[in-house]
Each structure stands twice: as C-alpha cells, then as structure tokens.
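Novice: Compute the structure for the input listed below.
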Amino acid sequence: MKPHVALLASPGMGHVIPVLELGKRLSTHHNLHVTVFVVACDNSLQQTSQLLNSTNHENLLDILLLRSGDISGLVDSDASIVTKILVMMRVSLSSLRSAISAMKCRPTALIVDLFGTEAMAVADEFNMLKYVFITTNAWYVATSIYAATVDKKVLDEHTNQKLPLKIPGCTPVRFEDTIEPLLYRNDAVFYWYIRLGMDMTTADGILVNTWEDLESKSLGALRDTKMLGRIAKAPVYPIGPLARPVGPPPVSRKDAVLDWLDKQPTESVIYVSFGSGGTLPAKQMIELAWGLEQSQQRFIWVVRPPSDHDASGSYLTADNGSAGFSDYLPDGFLKRTHNVGLVVPMWAPQAQILGHPSVGGFLSHCGWNSTLESIMNGVAMVAWPLYAEQKMNAAMLTEELRVAIRSKVWPSERTVERDEIEMMVRRIMVDKEGLAIRNRVKQMKNSAIKASSEGGSSYNSLSQVAVDCETSLQCLKAMAQGG
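Specialist: Just a heads-up that it's a prediction; the model follows:
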C-alpha cells in the first residue's frame with residue numbers, strides 16, 4: 001500500500017497552482033497516493049474547478065473541493081484579502097476533519113499552505129505528520145520566523161523608524177521592501193503573520209518553493225543552529241521550482257493569443273500581466289498604455305478594470321468585466337497599436353505565453369508563481385510589485401539575482417510615468433543590458449531544471465519527505481499489528 005498524503009490549498013491561484021504541482025510531483029516522482037483539498041469561495045468556484053480539471057487531466061490526484069460558503073456575516077466587506085482567506089480556511093476546518101475521518105485509508109501526513117496552519121491541529125487529532133508548504137521563497141520564511149520571535153523593539157525600529165530589518169544570516173529587509181503585514185501592527189493581519197511564523201516552527205517540516213542554488217544564503221541561515229536554525233527548529237526542505245509546465249494550450253484561447261505569437265520574431269514580445277488578482281489605478285493604466293505604445297515594442301497585455309483602492313481587487317473574483325475594457329485605455333490606443341500589440345481581457349494562458357520563443361520579456365507583479373514561471377522559461381523581467389511579499393521578491397530579482405529591472409520608485413508608492421515605462425521596456429527588450437539579463441535568467445533556468453531532475457537537490461529534498469511518510473506508515477502498521 002502506498003503512503004497516503006493529504007494537501008490543503010487555500011483560495012487563490014497563487015496557492016492552488018503550486019499545491020497541485022506539489023501533489024503531482026509526489027505522485028509521479030515519489031509514488032505516493034495524494035489527496036488534495038482545495039478551499040474555494042463561491043465567487044471563484046467556476047475558475048477553480050476549471051483549473052483543477054485542466055491540471056488533473058491524467059487523474060493523478062484525488063481532489064476534493066471544500067466550499068467556504070458565504071462568509072459575509074463573519075467578516076467586514078472592506079476587510080483585507082488575507083483576513084477573508086483566513087476566515088474561509090477556518091470555516092472549512094470542520095469539512096476537512098469530516099472528510100479525513102470518512103476515509104478508509106487515512107493519510108499519514110497533512111501538508112498545508114501558509115494560510116492553512118490552523119489545520120495542523122486536525123493532523124494532530126489523526127496522528128498525522130504535519131508540514132507547512134510555503135509557496136514563496138526562503139527569504140520570506142526567514143523573515144516570518146524571525147519576526148515572530150524577535151523583540152518588539154526591533155520591529156518598532158523597522159516599521160516606525162524605517163530601519164532595515166536585519167535577519168541573522170540573510171539579506172536585510174529594507175523598510176520600502178517589507179512585507180505588508182508588518183506595516184499594520186494594529187490589524188488582525190499582523191497577528192496572523194506573527195502566528196504563522198510561530199506555527200512554522202511546530203511543524204514536522206517546512207517545504208519551500210525554491211532551490212539550493214537560488215537561495216543558498218537564506219537556506220543556510222535557516223539550517224544554522226547559531227542563526228535562524230535555533231528558532232526555526234523544523235527541518236527546511238527546498239523542493240522547487242514548482243510551477244505550471246508548458247503544456248497544451250486551452251483551445252478556446254489558442255487562436256487569439258498563441259497563434260498571434262507564432263507570427264512574431266524570436267524574443268520580440270513583452271508580456272504584461274499582474275497575476276490572478278492584481279489591478280492598477282486608472283491613472284497608472286493610462287500611463288502604462290502610453291509607455292507601451294511609445295516603446296514601439298511588441299506586447300501582450302492582460303487587462304483588468306482599474307481599481308484606485310485595492311491592488312488585489314480581483315484576487316477572489318471570477319473572470320468578469322471583459323466587455324468594454326477599451327473604456328479605460330487611452331482614446332485610439334487599440335487602433336494605433338493593433339499591428340504590434342495584443343490586449344487580452346482578464347486572463348491569458350500565461351505558462352504557454354512565457355514558454356513561447358517569441359516572448360523576450362515579462363512586466364510582472366513579481367508574485368512567486370509568475371516569477372518561477374518566468375525563470376523556468378528563461379524570460380527576463382520588469383519588476384512591478386503590488387502587494388503581499390511582492391516587493392521582497394522584486395528586490396531579490398533586481399539586486400541579488402539580477403534577472404530583472406525596476407522603476408526608480410515602487411509603483412505602489414507613486415504613479416510610474418510613461419517615459420520611464422518606455423525606457424524600462426526598451427532596456428529589457430532591445431538594449432545590451434537586456435541581453436545580459438536574458439543570458440543570466442537562462443543560466444538560472446538550467447539551474448532550476450537540474451534541481452528538479454532526478455538526483456537534483458530539490459528532487460532529493462522531496463524524496464526525504466516521501467521517506468518520512470513511508471516510515472510513518474510502517475510505524476502505524478506495526479502499532480496496529482501490535483494492538
């Protein structure tokens with residue numbers, strides 16, 4: 001009998017996609033029986049179901065949807081996305097417990113994403129191993145664990161005096177790059193973030209969507225008992241990159257997007273997208289349109305209605321609003337750029353676009369999923385972070401890894417004007433600097449492939465998790481026989 005592992009994914013493509021890819025990796029590479037629980041809100045239920053069907057077409061995984069239902073009576077309508085997701089996860093715990101209890105072959109381990117740490121109590125109830133899967137990078141893990149244990153004075157100096165947060169063994173986090181929850185010290189999201197850091201240290205292991213060559217510094221600090229290892233306690237397993245592979249495109253979108261790319265020269269197109277939930281203010285959308293037009297470079301731009309109040313405004317919504325998208329673009333923009341650009345409403349097959357030979361750049365919000373998809377396809381980036389830990393990701397990409405460029409000031413701080421956008425697009429697409437960046441990211445792509453291949457660092461790391469699950473199963477069998 002195969003060891004049985006359960007995975008829990010919180011709402012949102014940024015969590016569901018890597019959890020599904022982890023499940024597929026455990027099933028195909030390590031011969032585990034995998035059940036994936038996906039918490040879905042009613043607003044995005046159709047979108048989530050479509051993703052699950054397309055991802056699991058080979059039936060490698062058992063997938064169960066846990067519908068969170070209507071939470072409007074439990075959370076304010078203007079609450080943050082993080083708060084809403086946490087409430088959804090809490091409401092879903094009883095369904096998760098019932099589903100596991102009803103299984104004939106109960107899992108030996110439960111792997112939860114970063115919003116699901118409360119579910120580790122369910123793992124304890126059923127005597128299961130418990131792991132946290134951090135769908136972003138090791139620097140984020142280090143920051144979270146350190147922030148949860150450091151003296152309040154240190155956090156005060158970071159958030160009030162705007163001093164860098166110095167994390168033992170890691171690159172310091174500048175105030176302007178810091179993760180959002182640390183900025184809201186009196187908000188519930190801050191206390192969730194601190195609890196997350198504490199919860200991680202109680203797990204049987206921390207799985208991270210990164211690899212050794214990408215983040216050797218942060219990973220070393222998390223393992224070093226004289227640095228972060230003394231407080232991290234749980235072993236850290238870099239198992240990435242886990243991102244969507246370039247597979248067959250959705251038929252409904254093939255003619256509109258990929259066929260257009262087939263007609264463009266190699267590495268001549270910049271892809272512009274802000275993830276599954278990112279939105280821009282109306283004024284910034286106008287400037288971005290003008291910047292793309294002035295650059296005279298080919299582009300694909302995934303456009304959503306603007307939001308002047310919430311950069312994550314589309315995170316838990318369905319794909320609506322595609323009609324009339326020209327209403328919030330400059331007059332005549334579509335007509336003037338129809339020979340060089342393609343504007344796509346709401347959604348595009350991103351993995352297939354980034355894997356297309358005609359794409360040479362990616363103007364990205366720097367969500368970790370998108371970052372990994374870009375690296376895995378050898379595509380250089382223009383960093384445009386919006387929310388969550390995206391500024392930290394962008395700082396890593398531009399300054400440490402040097403596979404991206406950025407604006408002078410983060411777009412969340414002020415409007416980036418058209419002339420600067422034009423300059424950034426041309427820098428990444430046609431200047432010598434862009435060529436050097438593309439060469440670096442292609443080297444990183446090779447590193448990612450090596451880490452994930454059999455015998456690579458991430459492959460071996462995940463193998464250890466599989467071995468632990470097998471050992472736990474044998475122990476349970478022995479206990480049952482002894483009883």
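Novice: what's near enough to touch L183?
Specialist: Shown in contact with L183 (C-beta atoms under 8 Å, 6 or more residues apart in numbering): T159. In this view, the C-beta of every residue, glycine as well, is placed from N, C-alpha and C.
Novice: and what of A448?
Specialist: With C-beta under 8 Å, 6+ apart, A448 has these contacts: W211, L214, G240, P241, L372, I375, M376.
Novice: quick one, what contacts the second one?
Specialist: Just to be clear, that refers to L214. L214 neighbours (C-beta under 8 Å, 6+ apart): N137, G240, L401, M444, S447, A448.
Novice: SS state for it?
Specialist: coil (DSSP: H, G, I helix; E, B strand; the rest coil).
Novice: Just want to check the distance between it and A451.
Specialist: Note on L214: its distance to A451, by C-beta to C-beta, to the nearest Å, is 8 Å.
Novice: what's the answer for the last one, then?
Specialist: From M376 over to A451 the distance is 11 Å, taken as C-beta to C-beta.
Novice: what do these two both touch?
Specialist: P241.
Novice: picking that back up, let me have the contacts of A448 in a markdown table, extended by distance to P357 and pLDDT.
Specialist: Formatted as a markdown table, these follow (distance: C-beta to C-beta, whole Å; pLDDT from 0 to 100):
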| residue | distance to P357 | pLDDT |
| --- | --- | --- |
| W211 | 25 | 98 |
| L214 | 24 | 97 |
| G240 | 24 | 96 |
| P241 | 20 | 97 |
| L372 | 19 | 97 |
| I375 | 16 | 97 |
| M376 | 15 | 96 |
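Novice: Secondary structure added to those, as a markdown table?
Specialist: A markdown table is the format used below for the contacts of A448 (three-state DSSP):
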| residue | secondary structure |
| --- | --- |
| W211 | coil |
| L214 | coil |
| G240 | coil |
| P241 | coil |
| L372 | helix |
| I375 | helix |
| M376 | helix |
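Novice: now, among those residues, which is nearest to Y131?
Specialist: Y131 lies nearest to G240 out of the contacts of A448, by C-beta to C-beta, at 14.5 Å.
Novice: Now that closest one: phi and psi?
Specialist: phi -90, psi 180 (degrees, to the nearest 10).
Novice: Quick check: it touching N209?
Specialist: Yes. At 4.0 Å, G240 counts as touching N209 under the criterion of C-beta atoms under 8 Å.
Novice: rewinding a little: now the common contact residues for L214 and A451.
Specialist: Common neighbours of L214 and A451, using C-beta under 8 Å, 6+ apart, are G240.
Novice: ok, Y328 - contacts?
Specialist: Y328 is in contact with A282, M285, I286, P305, P306, counting by C-beta under 8 Å, 6+ apart.
Novice: rerun at 10 Å
Specialist: Y328 is in contact with L280, A282, M285, I286, A289, V303, R304, P305, P306, counting by C-beta atoms under 10 Å, 6 or more residues apart in numbering.
Novice: With secondary structure added, can I get the contacts of L214 in a markdown table?
Specialist: Output for those, formatted as a markdown table (three-state DSSP):
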| residue | secondary structure |
| --- | --- |
| N137 | coil |
| G240 | coil |
| L401 | coil |
| M444 | helix |
| S447 | helix |
| A448 | helix |
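Novice: Using the three-state scheme, assign the spatially closest residue to V403 that is not a sequence neighbour.
Specialist: Leaving out its chain neighbours, the residue that sits closest to V403 by C-beta to C-beta, 6 or more residues apart in numbering is V441, at 4.2 Å. Following three-state DSSP, V441 is assigned to helix.
Novice: V441 contacts G378, doesn't it?
Specialist: Yes. At 5.4 Å, V441 and G378 qualify as touching, with contact defined as C-beta atoms under 10 Å.
Novice: what sits in contact with each of those two?
Specialist: Common contacts of V441 and G378 (C-beta under 10 Å, 6+ apart): V403.
Novice: measure the closest residue to Y146 other than its chain neighbours to T266 for me?
Specialist: Spatial nearest neighbour of Y146, excluding adjacent residues (C-beta to C-beta, 6+ apart): I167 at 4.8 Å. Distance, I167 to T266, by C-beta to C-beta: 41 Å.
Novice: so where's the stretch 301-450 of the chain shaky on pLDDT?
Specialist: 310-324 (pLDDT under 70).
Novice: in it, which spans are strands?
Specialist: 341-345, 359-364, 380-383, 404-406 (DSSP state E, counting those that start in this stretch).
Novice: From the contact counts, what lies against the last one?
Specialist: Meaning strand 404-406. Helices and strands touching strand 404-406, by 3 or more C-beta pairs under 10 Å, 6 or more residues apart in numbering; DSSP states H and E, are strand 359-364, strand 380-383, helix 390-395, helix 418-429, helix 432-452.
Novice: before we move on, the earlier item: which residues do G240 and N209 both contact?
Specialist: Common neighbours of G240 and N209 (C-beta under 10 Å, 6+ apart) are P18, E21, L22, I134, T135, T136, N137, A138, W368, L372, S458.
Novice: nearest to G332, of the helices and strands packed on strand 404-406?
Specialist: Using C-beta to C-beta, the helices and strands packed on strand 404-406 put helix 418-429 closest to G332, at 15.0 Å.
Novice: For the closest one, C-alpha coordinates in PDB please.
Specialist: Taking Å, rounded to 0.1, in the frame of the first residue of the first chain, the C-alpha atoms of helix 418-429 are listed here in PDB:
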ATOM      1  CA  ARG A 418       5.000  56.800 -19.500                       C
ATOM      2  CA  ASP A 419       8.600  57.900 -20.300                       C
ATOM      3  CA  GLU A 420      10.000  55.700 -17.500                       C
ATOM      4  CA  ILE A 421       7.900  52.800 -18.700                       C
ATOM      5  CA  GLU A 422       9.100  53.200 -22.200                       C
ATOM      6  CA  MET A 423      12.700  53.300 -21.000                       C
ATOM      7  CA  MET A 424      12.200  50.100 -19.000                       C
ATOM      8  CA  VAL A 425      10.600  48.200 -21.800                       C
ATOM      9  CA  ARG A 426      13.300  49.200 -24.200                       C
ATOM     10  CA  ARG A 427      16.100  48.300 -21.700                       C
ATOM     11  CA  ILE A 428      14.800  44.800 -21.200                       C
ATOM     12  CA  MET A 429      13.900  44.200 -24.900                       C
END
